[in-house]
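Engineer: When you get a sec, could you give me coordinates for this:
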Amino acid sequence: MKSKLFNSQPWRLWKPAWNIRNRNLLFTSYVGVFFLLFMGISYGLINKFSSEVGRTAFDPKLSLDDAIPYIAILNIAYFSFYSYYVLIPFFANNEMQQKCAIVFSQQLFVATIPAFFIFLLFPVEVDLRTDVVGDDVLTYLLTLIHNVDQAYNAWPSLHVAHSLCVVLSVPIIIKTNRLYLALLWFGWILLTVSAMTTQQHYLFDVITGIVYGLFVHSRLIRPAITKCLRNEFDQTFEGFHVEPLPEVK
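Structural biologist: This is a model prediction of the structure:
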């Protein structure tokens, strides 16, 4: 029997989100909290474990990685990554888009589980952070992130993989115009480059992040969104409706 975890059918935990879908900020916040709790905590625990063990499975560093300079202004692109998790639910403005936003978020989390096992079984330490120096605000903020996010959980880069999945899914769900889509792709390119200029990832991490993102989008995320667009999950969402309380006579 196929595990419910890997079944694209929306989980019951989305019921509260579905019932606040007409309140955009609350709906978006629910999705953000979902990622913070289910993905952020798991990521943090694995990161802490790997840093304490201090084991490196292999060294993928190239001479090019040492040659890539630290560019403080690109920290802005790197920080923008966290907004990608709520981009689709924020711009979902009808019920079909909101259904797809929920399905997308669920599948993105499921697609991350294999990456967590890679982080645990084949950890790689990134030893480039000594190049991050400066007294500007952007460098200070990046240093704060480095203090929390140790130099593990490197490959595949979730910064690259997750943001790529978002960019690929936006035109399927939101159907934005070409200008906005071009800006979204430009932002993603800057984000991908910033994964290296922040000295957070090797080129190997970025390439494997792109490959991983393309794979999970084609195998997990896009098929689930397609089912949603075909109304295959309508019965499940109907079951999420909160029944009105009976009138007291």
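Engineer: which parts of stretch 38-52 are buried?
Structural biologist: Judged by neighbour count using 16 or more other CB atoms under 10 Å, the buried positions of stretch 38-52 are 39, 43, 46, 47, 50, 51. Quick note: C-beta positions are derived from backbone N, CA and C, even for glycine.
Engineer: Repeat that for stretch 61-78.
Structural biologist: Buried positions in stretch 61-78, judged by neighbour count with 16+ other CB under 10 Å: 61, 65, 68, 70, 72, 74, 75, 77, 78.
Engineer: Tell me who's in contact with the first one.
Structural biologist: Yep, that's residue 61 we're talking about. Applying CB atoms under 8 Å, 6 or more residues apart in numbering, we find residue 61 in contact with 127, 202, 204.
Engineer: How much space separates the residue nearest the centre of the chain from residue 20?
Structural biologist: Geometric centre of the chain, nearest residue: residue 162, 3.8 Å, by CA atoms, centre = their mean. Separation of residue 162 from residue 20 (CB to CB, to the nearest Å) stands at 24 Å.
Engineer: tell me the mean pLDDT for the helix ranked longest in the chain?
Structural biologist: Longest helix in the chain by number of residues (criterion: DSSP state H): helix 95-121. In this model, helix 95-121 has a mean pLDDT of 96.
Engineer: tell me how far that helix is from the chain's mean position?
Structural biologist: Counting by CA atoms, centre = their mean, to the nearest Å, helix 95-121 is centred 8 Å from the centre of its parent chain.
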